[in-house]
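Sharing a model prediction with you, sequence too.
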Amino acid sequence: RHEEMALEEEQLQFSAVVVADSFNERFMPLTKTRPRALLPLCNTPLIDYTLELLASNGIREALVVCRSFREELREYLATREYVSSNGTLRVETVFSPDSMSIGDTLRELDRQSTIRGHFILVTGDIVSNCKLGDVLEQHRRQVKADRDYLMTMHLKQCGVAHHVRTPEESAVVCIDPSNERLLYYQPSLSAAGIPLDLLKERPTISVRCDIIDSHIYICTPQVLMQFSENFDYQTMSDFIIGTLRQDEIASFNILVKLLTDQFAARVVSFNAFHAVSTDVIRRWAYPVVPEIFTVFDTPSFYKRNNIYVQQDVILARSCTLQQDVVIGPGCTIGTKEKPANPTRITSTVIGKNCHIANGVLLTNVYMFDGVTVGKNCTLNKVMLGSGVVLKDNVTIQEGCIIGDNVVLGPNLTVPPNTKISHELPEDDDGWSDDEDSSTQATEEYDVALVGAEGEGYLFSNVSGEDGCDEDGEPCDMSLCNWTARVGFNPSAFAAEQSLAFDLDSDSSSSDDSDADESLQETVAVDEFEVFVEELTDIFTAHVSPTSMDTIPTDSIQLEIRGSRSSHHMSAQECMEGVLRAMIMSAQEAPNAIEYLKALFPALSEVLEGYIGSTDQSPAIDAIMSACIQNEFANEAFLPILFALYNSDLLDEDEILSWQKAKKANLASAKEESMMAQIAKFIEWLETAESDSESESD
């Protein structure tokens, strides 16, 4: 017993899993030569913020999982030390070359048995000052009290007009306030549709659309098993939505920790990069501030107006640092000569060993290491990769991203929302945040794009170009929306979000309301029909009249779950779809009736999770409806009911109760025909029930 308790206590010691890959192309071309986790935010690689969060909460071991840039991550982490209250955080790099999503990563960890106990799941681009001690302790208690408990997710309270909440962050959740259990989750506010059953089943529900997912998850080992059993789970949103919809088969519980006075945000886009940088510089994430990291082994000096200057920086007397400026070591700004126009810098981060001439105007600029800026250059809302050289008189307009080692100028104006890379892209598919491949230049440089002495190629003119984030939600891949959204109108955005999720329909005209309902109903029906077609194909592919004894039920169940998740079907819709698809799969059988008589008992293991043991009337209605709709199955209603009854999937009391209610409300002659078909079966059930009662008396 003591050994069991010791083992249980060991399993409840937390390790951490840090997913370093982004699985998207949003930060290209800056991530052509580095992973997103090593992008510098306020001159500190993003992964330092994540690992510092873990170390500050007493975590002793962290696994950094990556599918690309393995050596770059390993070399960098070997130079770092993260000290926790329990000692030094031990960091190990795990290579997962075939992972294309967070789901693949977790399945690979489960396959390798790398994680043996409870763990904290985070990504390598989180900036947070959260204190996790209370949540970890609550997790330990919950594991012992609730065998169905799966994980706790952290949600940050954040109003729709807050600048950290970019337009891509628009989740809606429903929470049971009595136990903090998550009841409903939809990552997109525009797609939210709260089931009425949730409102009917509980006296109080907390509906929140003022939150963002911090992507900090406190997990039980069961989380890895769930990902391994459900290959359709590619993102955390897939996993959460799928778990909440499994209540009929496996009732797992996800709890929510709402963060109100702590800072937590992911750097998932350029919008978020700017917003989080601003908050760190302005000390809203304290104690996570620029000077706590001894980057490049040189301290930062904090000055008035949020000015941070590291050692070995030379500032000309004529230059002006206005506010919210971070300057790395070894930088030179301005020269001794008296310029006609002094250099002015505001809301800008400058990496190490950068050289900026006189007459330069920098506003909202993020500049990596080794950048050279010539005289009389003007930059506004721009990101510059490492080693960029700007000749004299270069103007870069809003929303531009300049990749590593690009040379621009002289006397050049770069139009808004332009991406420029030093390498010529081979094709559109070869560019990814997490792939390190380069193509040798085979074309001459475009002088109109990069200037007479320039070096670089158009990566993409991204105005209006959209991408998708890890959760499949639309998200802008560049600073094109920084122009429109980092400076976006909070009031207009709040109003837009409010309109997208308005539960009060009184403000709309009745005609508009009817039209909207009609449109929604049509879309829902079409989606259900596609779902049924997919299920029919599944049964047709796996079942034939000669293979009833060797049906791969596990594969069928897995594919049904995947189709249900992709089409967002409710439990009842899934049940109806499965029953209807099974009947439709008999269309090509030589003898449809005999095929169905054998099919339903053969798939009893699959059907058990969908028909249930109580209130089986909806299932019987679905079977009758499918038999009516398909002429080849008109005579199959009785054989199917008898097969399900004989397989103990339908209860005789449920059948009799359904028959009594249906007989009083027949809607068509075809339904009357169906009832006549099963009349003798109903009579037999009633006689059997009567005999049973007589014997008991």
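Good, I have the coordinates. All of these numbers come straight from a predicted model, not from anything done at the bench.

which ones are touching His568?
Contacts for His568 (Cβ atoms under 8 Å, 6 or more residues apart in numbering) come out as 241, 527. (Glycine included, C-beta is placed from N, CA and C.)

State the distance from it to Glu72.
39 Å (Cβ to Cβ, to the nearest Å).

got it, and Ala679?
75 Å.

So the two - more neighbours on which side?
Glu72 (16 against 12; other Cβ atoms under 10 Å).

Report the secondary structure state of that one.
helix (DSSP: H, G, I helix; E, B strand; the rest coil).

going forward, begin numbering at 138 instead of 1
Noted, 138 is the first residue going forward, which turns the last one into Glu209.

Give me the pLDDT value at it.
Listed pLDDT for Glu209 reads 89.

How about Leu586?
On pLDDT, Leu586 comes in at 90.

cool, and the one 5 residues further on?
Each residue has a pLDDT score; the one for Gly591 is 92.

what's the answer for Pro340, then?
pLDDT at Pro340 comes out at 83.

Look at the residue nearest to Arg173 when sequence neighbours are not counted and give its secondary structure.
Nearest non-adjacent residue to Arg173, counting by Cβ to Cβ, 6 or more residues apart in numbering: Ser159, 4.4 Å away. State at Ser159, reduced to three classes by three-state DSSP: coil.

Asp235 is in contact with Asp241, isn't it?
Yes. Applying Cβ atoms under 8 Å, one finds Asp235 in contact with Asp241, separated by 6.9 Å.

Please say which of these two ends up with more neighbours.
Neighbours were counted for Asp235 and for Asp241 using other Cβ under 10 Å; Asp241 has more, 19 against 8.

Number of residues surrounding Arg318?
So Arg318, with other Cβ under 10 Å, has 16 neighbours.

roughly how far apart are it and Arg278?
15 Å.

lowest-confidence helix or strand of this protein?
Least confident helix or strand, the chain: helix 627-637 with a mean of 41, by mean pLDDT, DSSP states H and E.

end to end, how far does stretch 159-170 reach?
Stretch 159-170 has an end-to-end distance of 14 Å (Cα to Cα, to the nearest Å).

what lines up beside the helix or strand where Thr225 lies in the sheet?
If you go by DSSP states H and E, Thr225 is part of strand 224-232. Sheet pairing of strand 224-232 (DSSP bridges) gives strand 198-203 (parallel), strand 219-221 (antiparallel).

Flag every buried residue along the next helix or strand after it.
Once strand 224-232 ends, the next helix or strand along the chain (criterion: DSSP H and E) is helix 239-249. Neighbour counts over helix 239-249 (16 or more other Cβ atoms under 10 Å) mark 239-247 as buried.

Reformat these into TSV and put pLDDT next to each item.
TSV is the format used below for the buried residues of helix 239-249 (pLDDT from 0 to 100):
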residue	pLDDT
Ile239	88
Gly240	88
Asp241	89
Thr242	87
Leu243	89
Arg244	88
Glu245	87
Leu246	87
Asp247	87
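
For those residues, work out which two are farthest apart.
Within those, Ile239 and Asp247 form the most distant pair, 12.7 Å apart (Cβ to Cβ).

so Gly546 makes contact with Gly591?
Yes. Counting by Cβ under 8 Å, Gly591 is a contact partner of Gly546 at 6.3 Å.

can you list residues touching both of the two?
Between them, Gly546 and Gly591 share these contacting residues under Cβ under 8 Å, 6+ apart: Lys528.

give the contact list for Ile257.
So Ile257 contacts 151-154, 191, 196, 269, 353-356 (Cβ under 8 Å, 6+ apart).

What of Leu452?
446, 458, 470-471.

now do 7 Å
470-471 (Cβ atoms under 7 Å, 6 or more residues apart in numbering).

Report the beta-bridge partners for it.
If you apply DSSP bridges, the partners that Leu452 bridges to are Ile470.

angle of the helix or strand Ser374 falls within against helix 239-249?
Taking DSSP H and E as the criterion, Ser374 maps to helix 373-381. Counting by axes from the mean of the first three to the mean of the last three Cα atoms, to 10 degrees, helix 373-381 lies at 70 degrees to helix 239-249.

what about helix 373-381, average pLDDT?
Helix 373-381 comes out at a mean pLDDT of 86.

following that helix, which helix or strand shows up next?
Taking DSSP H and E, what comes next after helix 373-381 is strand 390-396.

Quick check: mean pLDDT of that following strand?
90.

Need the residues that contact that strand.
267, 272, 279, 283, 285-294, 312, 317-319, 351, 377, 380.

Can you point out the buried residues in the helix or strand encompassing Phe737?
Using DSSP H and E, Phe737 sits within helix 729-739. Neighbour-count burial for helix 729-739, counted by 16+ other Cβ under 10 Å, picks out 729-730, 732-737, 739.

With stretch 520-536 instead?
Taking 16+ other Cβ under 10 Å as the criterion, stretch 520-536 shows 520-528, 530-536 as buried.

buried residues in the helix or strand containing Lys797?
Lys797 belongs to helix 789-800 when assigned by DSSP H and E. Neighbour-count burial for helix 789-800, counted by 16+ other Cβ under 10 Å, picks out 791-792, 795-796, 799.

swap in stretch 368-384?
369-383.

still on that earlier bit, now the buried residues of helix 729-739 as CSV including pLDDT and distance to Phe389?
Converted to CSV, the buried residues of helix 729-739 look like this (pLDDT from 0 to 100; distance: Cβ to Cβ, whole Å):
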residue, pLDDT, distance to Phe389
Ala729, 88, 39
Ile730, 89, 40
Tyr732, 89, 36
Leu733, 90, 34
Lys734, 88, 36
Ala735, 89, 34
Leu736, 89, 30
Phe737, 89, 29
Ala739, 89, 29
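
quick one: which of these is nearest Asp785?
Phe737 (12.1 Å).

Skip the chain neighbours and tell me the closest residue to that closest one.
The shortest distance from Phe737 to any non-neighbouring residue, by Cβ to Cβ, 6+ apart, is to Ala780 (4.4 Å).

Can you classify that neighbour as helix, strand or coil?
Taking three-state DSSP, the label given to Ala780 is helix.

If I look at it, what pLDDT would I see?
Looking at Ala780, the pLDDT reads 89.

hang on, it packs against Leu736?
No. Here Ala780 does not reach Leu736: they are 8.4 Å apart, not a contact under Cβ atoms under 7 Å.

residue ranges of the helices in the stretch 238-387 of the chain, please?
When assigned using DSSP state H, counting those that start in this stretch, the helices of the stretch 238-387 of the chain occupy the ranges 239-249, 270-282, 333-338, 359-366, 373-381.

Could you check which helix or strand contains Glu666?
Applying DSSP H and E, one finds Glu666 within helix 647-679.

Pull out the buried positions in the strand or helix carrying Val155.
Using DSSP H and E, Val155 sits within strand 152-156. Across strand 152-156, burial judged by 16+ other Cβ under 10 Å covers 152-156.

State the next helix or strand along the chain beyond it.
On the C-terminal side of strand 152-156, the nearest following helix or strand under DSSP H and E is strand 177-178.

Touching the next helix or strand after that next one from outside, list them.
Per DSSP H and E, the first helix or strand lying C-terminal to strand 177-178 is strand 181-182. The contact list for strand 181-182 (Cβ under 7 Å, 6+ apart) reads 174-176, 213, 430, 432.
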